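Colleague: below are the sequence and a predicted model for it; my questions follow.
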Amino acid sequence: MRDETAAQEVRRVGRMRVTSTATERMQGDVTTTEDEKFLAGRPSPAFLDTDPWRALRILAEFVEGFDAMAAVGPAVTVFGSARTESGSPLYELARTIGRKLAEAGYAVITGGGPGTMEGANRGCREGGGLSVGCNIELPHEQSLNPYVDLGVDFRYFFARKTMFVKYANGFVILPGGFGTLDELFEALTLIQTGKVRHFPVILVGSAYWSGLLDWIRGTLLTAGAVSPGDLDLLKVTDDPDEVVRLMRAFSDGGGTGG
């Protein structure tokens, strides 16, 4: 049976892909970008490949990302594997977490791809929240999953990472691979070094993460590479309701993201 929640009109606005749901829930006009209209259809001269011009493209990516995300409101970023099978227990766990976060008043931000990301976006939409995807341009095209209401495309990982942190009240990390680990340790490093104020970093799946946590305690801590207090930056749970409780406790305490 066709899933009606995924059947929404999608409008492309520069780097953004916006459904009618996103337009209704965001503040201000998110449907026009004059620069994109001005530049559309023009040939690309050789100087566009130089580093100075690349710096302007990077700046534009940050500006457009900030502009797109500014009206999102309270949000939680959810990470996890793109390889998770649709309908699997892990997919359904991400879907439940996305729905419960939406019902608690949070938008859900993901990398916009398939697998766990799709599950979280799908649950968010089903819970009545704003479902956001920050997609990355890859050699093998990764398209936005059909449950994203506000989608933003990025060329550069570092610009995309900034959006994940800047507009989030917390991170939820589900089982994943190198990309998920990259985002996990990026967040921990920013908190540890004081570049962002502390916000919840919640690992979901105690069995999956136990080996990593044992290594941190047994190797990094023993070697003095991290401090005992650094371990307090991580929370571990298997319970979607506990995820929401931790986020609410932090929000009620006046915490904020980047």
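Modeller: Yep, that arrived. Residues are numbered from 1 along each chain as shown.
Colleague: so the closest residue in space to Gly111 that isn't next to it in sequence versus Glu64, what's the distance?
Modeller: The shortest distance from Gly111 to any non-neighbouring residue, by Cβ to Cβ, 6 or more residues apart in numbering, is to Met117 (5.1 Å). Glycine gets a C-beta too; all of them are placed from N, C-alpha and C. Between Met117 and Glu64 the computed distance is 21 Å (Cβ to Cβ, to the nearest Å).
Colleague: more crowded one of those two?
Modeller: Shown here are Met117 and Glu64; by other Cβ atoms under 10 Å, Met117 has more neighbours (33 against 21).
Colleague: doesn't the more buried one lie inside a strand?
Modeller: No. Read with DSSP: H, G, I helix; E, B strand; the rest coil, Met117 is helix and lies in no strand.
Colleague: Val18: which element?
Modeller: With secondary structure defined by DSSP states H and E, Val18 is part of strand 16-19.
Colleague: okay, now the domains of the protein?
Modeller: According to automatic domain parsing, the chain is divided into the following domains: 13-67, 74-252.
Colleague: now the longest one: average pLDDT?
Modeller: Put plainly, it is domain 74-252. In this model, domain 74-252 carries a mean pLDDT of 94.
Colleague: check the first one too.
Modeller: Across domain 13-67, the average pLDDT comes to 68.
Colleague: follow-up on the earlier one: neighbouring strands of the strand holding Val18 in the sheet, and parallel or not?
Modeller: Neighbouring strands of strand 16-19 in its sheet, by DSSP bridges, are strand 10-13 (antiparallel), strand 150-154 (antiparallel).
Colleague: so where do the helices sit in the protein?
Modeller: With helices called from DSSP state H, the chain shows them at 20-25, 34-39, 51-69, 89-103, 116-126, 157-166, 178-192, 206-215, 222-223, 240-252.
Colleague: just the ones you listed: most buried one?
Modeller: Burial of the helices of the chain is given as mean neighbour count (mean count of other Cβ atoms under 10 Å); helix 116-126 ranks first at a mean of 29.
Colleague: by contact count, what packs against it?
Modeller: For helix 116-126, the elements it packs on are strand 75-79, helix 89-103, strand 107-110, strand 131-136, judged by 3 or more Cβ pairs under 8 Å, 6 or more residues apart in numbering; DSSP states H and E.
Colleague: so which of these comes closest to Thr219?
Modeller: Distance to Thr219, taken as Cβ to Cβ, is lowest for strand 75-79 among those, at 23.3 Å.
Colleague: contacts for that closest one next, please.
Modeller: Residues outside strand 75-79 that contact it (Cβ atoms under 8 Å, 6 or more residues apart in numbering) are 94, 97-98, 101, 106-111, 116-117, 120, 130, 132, 164-165, 167-174, 176, 179-180, 183-184, 247.
Colleague: helix 116-126 and that strand, what's the angle between them?
Modeller: Here the directions of strand 75-79 and helix 116-126 differ by 150 degrees (axes from the mean of the first three to the mean of the last three Cα atoms, to 10 degrees).
Colleague: direction included, what does strand 75-79 pair up with?
Modeller: strand 107-110 (parallel), strand 171-173 (parallel).
Colleague: the inter-axis angle of that strand versus strand 131-136?
Modeller: Interaxial angle, strand 75-79 versus strand 131-136 (the same axes, to 10 degrees): 50 degrees.
Colleague: could you export strand 75-79 as CSV, CA atoms only?
Modeller: Extracted C-alpha coordinates of strand 75-79, given in CSV (Å, rounded to 0.1, in the frame of the first residue of the first chain):
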residue,chain,number,x,y,z
ALA,A,75,15.7,20.5,17.0
VAL,A,76,17.5,17.3,17.6
THR,A,77,20.1,15.8,15.2
VAL,A,78,19.8,12.1,14.6
PHE,A,79,22.7,10.1,13.2
